[in-house]
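Visitor: predicted coordinates and the sequence they were generated for:
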Amino acid sequence: VLVDADLRRPVLHRVFGVKREPGLTDYLFERAELDEIFRKTDIENLYLIPCGVVPPNPSELLGSEKMKKFVEYLKSNYDLVVFDTPPLVAVADALILANQVDGVLLVASAGKTEIDVLDKAREMIQRVEGNVIGVLLNNFDASATYGTYYRYYRYYRYYDYYGADREKGEGNA
């Protein structure tokens, strides 16, 4: 199950082409029953819980006792539960959930997210006793970097072929 826990700027309902309401917040505000907030997606065995109504107090709602019980319910009834949250460094929402889940996967944008920001995010999660399980790099353009790797490949093939002494930068050719 995939949960849109970005209660400030939810987008997963649009990505999957489903209605945003009723959703997570509607359940937490007791405006919807549990079975009303799950959406079947076109992906086999994947359910989506959209955000629902955008609340005035996202952090407070995510830190509520009802949310903690909901997280436990999901963990005990689904093989894999993924919470999509707003950026960690921007607001506290992800930190509130970090110690309720088994692991946190940081998402970094290639060419934009700085290493210092990732390091700060890792430290923040560890401070609340969360478990960072890895980093996912998105917006990576492999074709833009292929040429760089190809030049290194040619460099090493040249030295291997001609028997060059890499330390002296000399070859037998």
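Guide: In hand now; what should we look at?

Visitor: where does this structure dip in pLDDT?
Guide: Residues of the chain that meet the criterion pLDDT under 70 lie in 144-173.

Visitor: rerun that using 90 as the cut-off
Guide: 88-90, 111, 140-173 (pLDDT under 90).

Visitor: all helices of it, in order?
Guide: With DSSP state H, the ranges of helices along the chain come out as 12-16, 24-28, 58-62, 65-77, 93-98, 115-127, 142-162.

Visitor: tell me which of the ones you listed sits nearest to residue 41.
Guide: helix 12-16 (5.2 Å; CB to CB). All C-beta spots, glycine's among them, are computed from the backbone N, C-alpha and C.

Visitor: tell me the helices and strands packed up against the closest one.
Guide: Packing contacts for helix 12-16, counted by 3 or more CB pairs under 8 Å, 6 or more residues apart in numbering; DSSP states H and E, involve strand 2-4, strand 47-49.

Visitor: which of the ones you listed is buried the deepest?
Guide: Greatest average neighbour count among the helices and strands packed on helix 12-16 goes to strand 2-4 (a mean of 23), per mean count of other CB atoms under 10 Å.

Visitor: chain center to that strand: distance?
Guide: 11 Å (CA atoms, centre = their mean, to the nearest Å).

Visitor: next: stretch 34-42.
Guide: On CA atoms, centre = their mean, the centre of stretch 34-42 falls 21 Å from that of its chain.

Visitor: one more: stretch 17-29?
Guide: 20 Å.

Visitor: what residues does that stretch touch?
Guide: Contact partners of stretch 17-29, identified using CB atoms under 8 Å, 6 or more residues apart in numbering, comprise 3-5, 7, 10, 13, 31-34, 36-37, 39, 41, 48-55, 61, 64, 66-67, 70.

Visitor: how about a cut-off of 6 Å?
Guide: 13, 32, 36-37, 39, 49-53, 55, 61, 66 (CB atoms under 6 Å, 6 or more residues apart in numbering).
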